[in-house]
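Colleague: Below are the sequence and a predicted model for it; my questions follow.
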Amino acid sequence: MTRSVVSRASSSPWRRFIFGSFAAFLIIWANTGRTRRRDGPVDIGAGDGWSLLRPKEYPEGYDYCRAKYLGAEGYRSLSKTHNLQTLHIITRHGDRTPALPFPDTPNSPPTWVNACPPTEYAHLTPSERGFLKTLSLGDDDDEKEYWAGRCNLGQLTYRGIEQMKDVGRAVREVYLTGRVEWEGGKTPGLEEARFRSTDVWRTVQSAQYFVNELFPVGNASSVGEQQPVPLEIRPRPIDALGLRLGSADLRALYRKTRAHDRAFLAYHQLSTQFAAHMNDAVQADYEYSLESWFDLLQTRGCHGYELPCAAGKDTCLIARDVESTVWLAHEWLRLEYDTQMGDRRKESVMRIGPLVREILSKRRSDTRIHHYSAHDTTLSGLLAVLASGSHTLKLQQAAHAWPPYASMLVIEVWKPKEESLSNDGGDGEGLDVRILYNGEVMPWLINGEVKEVIAWSKLRSPLADWLDA
């Protein structure tokens, strides 16, 4: 998540009064019923407590801790009328540990014990596909013993590993076991697939476990027995997959847009005040931002850990704190990827545009499966761009909901078996496209009609207009 950066320019006294009053109300409401000197903290683990992490406007079944998977039984193939030509799969990594250390509170251990693999590294090999990276742990027993049962910050957990295996297995069952007909009559093999990841340990590992299930090799149980797979990793400053603020021009524009955006300034004021309330409640030894609290509480909640308490457990965070944090964090998400107007649109083109161009350029290629192992921010940015072109409620909801762990955006490019079956009406390339997100088809509004399958030209045209803005 990108930290908020705004100028110190103040808003009007009247706006400060309104949002200051609302912040005070939110903090008072969160403190109402707060138990002091109680026996233990509130547990927000699995079960009904997770309703607090699912805002009312979210689609039914939303769960931050685990995305819904693309299931073979519910998948509707287009193979009666089309052949599948190209597949783009963008995934978020699986469950991970917090990106920042936990506040130093009585019930916040400094390490997550037995949650992470000690020696699991991606198995990579050189290729001609560009930037590469090779990792190895070696046979140092002391090093293995040190890492056993200890998690690094932001590390993929055992649960996250299983999630990515499930996703890879689900994609294989849908697309590589005869349920769809591929162009040319041949199901793609490993040599026709391309894998790419950001330069982050958890996404590299997520790609590893995804591809191990997508193209399993016998019953290989160790890295040495598995087939090496090329994995493209670009240096962070020039990697479009991470949607990072790499260039100086983009960073300057990012600051400028937020310094003059009234909605963002209001959010920043409110979130700063509420984060200060949270830090004070647990007597945190570090000034965590609202976005940091969101990450800390979500990762903790997904593992059923107790809410943090102050020294002596005199004061513990409660469910209302979680609810308010989640609400504010989603306000950040809604404001972060504005693709519509002025400088915000220009910023989104600079930030998200390179990845969109890359996907659009690969509708026809020798590589038929493209997998991108990325982050929640990557999916949020792409969903925001797609939502601006589709004009449908379903994609709008998807764009405003934080992508759960192991989320997956799939772009299917189909070629009609007969020209008369194409959706482009003769004005395009004779290709159709369908978009799925976490197992559900994302429809588009075309000439007042909601369609699940649209011409490639109908997808390309609004995105090209946005890119040219």
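Modeller: Thanks, I have it.
Colleague: What residues does Gly168 make contact with?
Modeller: Contact analysis of Gly168 by Cβ atoms under 8 Å, 6 or more residues apart in numbering lists Tyr209, Phe210, Val211, Asn212, Glu213, Leu214. Any C-beta I mention is one placed from the backbone N, CA and C, and that applies to glycine too.
Colleague: most neighbours, which of these?
Modeller: Phe210 (29 neighbours; other Cβ atoms under 10 Å).
Colleague: just the strands in the protein please.
Modeller: Secondary structure of the chain by DSSP state E: the strands cover 82-92, 193-197, 232-233, 369-374, 408-416, 432-437, 440-441, 444-446, 449-451, 454-455.
Colleague: so which of the contacts of Gly168 comes closest to Ser79?
Modeller: For the contacts of Gly168, the minimum distance to Ser79 (Cβ to Cβ) is 19.6 Å, reached by Leu214.
Colleague: Could you report the distance from Thr203 to Ile369?
Modeller: Distance of Thr203 to Ile369, given as Cβ to Cβ, to the nearest Å: 18 Å.
Colleague: cool, and Asp239?
Modeller: Taken as Cβ to Cβ, the span from Asp239 to Ile369 is 20 Å.
Colleague: Run through the residues that contact the residue nearest the centre of the chain.
Modeller: Centroid check for the chain by Cα atoms, centre = their mean gives Asp376 as the closest residue, at 1.8 Å. Neighbouring residues of Asp376 by Cβ under 8 Å, 6+ apart: Met1, Arg92, Trp402, Pro403, Ser407.
Colleague: picking that back up, any chance of the strands of the chain in JSON lines with mean neighbour count and mean pLDDT as columns?
Modeller: What follows is the strands of the chain, written out as JSON lines (neighbours: other Cβ atoms under 10 Å; pLDDT from 0 to 100):
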{"stretch": "strand 82-92", "mean neighbour count": "23", "mean pLDDT": "96"}
{"stretch": "strand 193-197", "mean neighbour count": "23", "mean pLDDT": "93"}
{"stretch": "strand 232-233", "mean neighbour count": "22", "mean pLDDT": "90"}
{"stretch": "strand 369-374", "mean neighbour count": "25", "mean pLDDT": "96"}
{"stretch": "strand 408-416", "mean neighbour count": "22", "mean pLDDT": "95"}
{"stretch": "strand 432-437", "mean neighbour count": "23", "mean pLDDT": "94"}
{"stretch": "strand 440-441", "mean neighbour count": "16", "mean pLDDT": "92"}
{"stretch": "strand 444-446", "mean neighbour count": "18", "mean pLDDT": "86"}
{"stretch": "strand 449-451", "mean neighbour count": "13", "mean pLDDT": "89"}
{"stretch": "strand 454-455", "mean neighbour count": "22", "mean pLDDT": "90"}
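Colleague: Out of those strands, flag the one nearest Gly74.
Modeller: strand 440-441 (9.1 Å).
Colleague: Does anything pack onto that closest one? Which helices or strands?
Modeller: Packed against strand 440-441, as judged by 3 or more Cβ pairs under 8 Å, 6 or more residues apart in numbering; DSSP states H and E, are no other helices or strands.
Colleague: how distant is it from the center of its chain?
Modeller: 17 Å (Cα atoms, centre = their mean, to the nearest Å).
Colleague: Please apply the same query to stretch 80-100.
Modeller: For stretch 80-100, the distance to the chain centre is 10 Å (Cα atoms, centre = their mean).
Colleague: Extract the CA atoms of it and return them as PDB.
Modeller: This file holds the C-alpha atoms of stretch 80-100, laid out as PDB (Å, rounded to 0.1, in the frame of the first residue of the first chain):
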ATOM      1  CA  LYS A  80     -19.600 -24.400 -28.600                       C
ATOM      2  CA  THR A  81     -19.000 -21.200 -30.500                       C
ATOM      3  CA  HIS A  82     -15.400 -20.100 -29.800                       C
ATOM      4  CA  ASN A  83     -11.900 -21.400 -29.400                       C
ATOM      5  CA  LEU A  84      -9.800 -20.000 -26.600                       C
ATOM      6  CA  GLN A  85      -6.800 -18.200 -28.000                       C
ATOM      7  CA  THR A  86      -5.000 -16.400 -25.100                       C
ATOM      8  CA  LEU A  87      -5.300 -16.300 -21.300                       C
ATOM      9  CA  HIS A  88      -4.100 -13.500 -19.000                       C
ATOM     10  CA  ILE A  89      -4.100 -14.400 -15.300                       C
ATOM     11  CA  ILE A  90      -3.300 -11.800 -12.700                       C
ATOM     12  CA  THR A  91      -3.100 -13.000  -9.100                       C
ATOM     13  CA  ARG A  92      -2.600 -11.500  -5.700                       C
ATOM     14  CA  HIS A  93      -0.200 -13.500  -3.500                       C
ATOM     15  CA  GLY A  94      -1.700 -15.800  -0.800                       C
ATOM     16  CA  ASP A  95      -2.000 -15.200   2.900                       C
ATOM     17  CA  ARG A  96       1.000 -13.400   4.400                       C
ATOM     18  CA  THR A  97       2.400 -12.000   7.700                       C
ATOM     19  CA  PRO A  98       2.100  -8.300   8.400                       C
ATOM     20  CA  ALA A  99       4.200  -5.900   6.400                       C
ATOM     21  CA  LEU A 100       5.200  -4.000   9.600                       C
END
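Colleague: what are the ranges of the helices in this structure?
Modeller: For the chain, helices defined by DSSP state H occupy the ranges 13-31, 141-147, 158-175, 201-214, 248-259, 262-281, 290-302, 319-336, 342-361, 376-390, 393-400, 456-467.
Colleague: Turn those helices into JSON lines, including distance to Leu70 and mean pLDDT.
Modeller: Shown next, in JSON lines, are the helices of the chain (distance: least, Cβ to Cβ, whole Å; pLDDT from 0 to 100):
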{"stretch": "helix 13-31", "distance to Leu70": "38", "mean pLDDT": "48"}
{"stretch": "helix 141-147", "distance to Leu70": "33", "mean pLDDT": "49"}
{"stretch": "helix 158-175", "distance to Leu70": "5", "mean pLDDT": "94"}
{"stretch": "helix 201-214", "distance to Leu70": "12", "mean pLDDT": "91"}
{"stretch": "helix 248-259", "distance to Leu70": "33", "mean pLDDT": "85"}
{"stretch": "helix 262-281", "distance to Leu70": "34", "mean pLDDT": "88"}
{"stretch": "helix 290-302", "distance to Leu70": "21", "mean pLDDT": "90"}
{"stretch": "helix 319-336", "distance to Leu70": "23", "mean pLDDT": "86"}
{"stretch": "helix 342-361", "distance to Leu70": "18", "mean pLDDT": "86"}
{"stretch": "helix 376-390", "distance to Leu70": "14", "mean pLDDT": "90"}
{"stretch": "helix 393-400", "distance to Leu70": "14", "mean pLDDT": "86"}
{"stretch": "helix 456-467", "distance to Leu70": "20", "mean pLDDT": "86"}
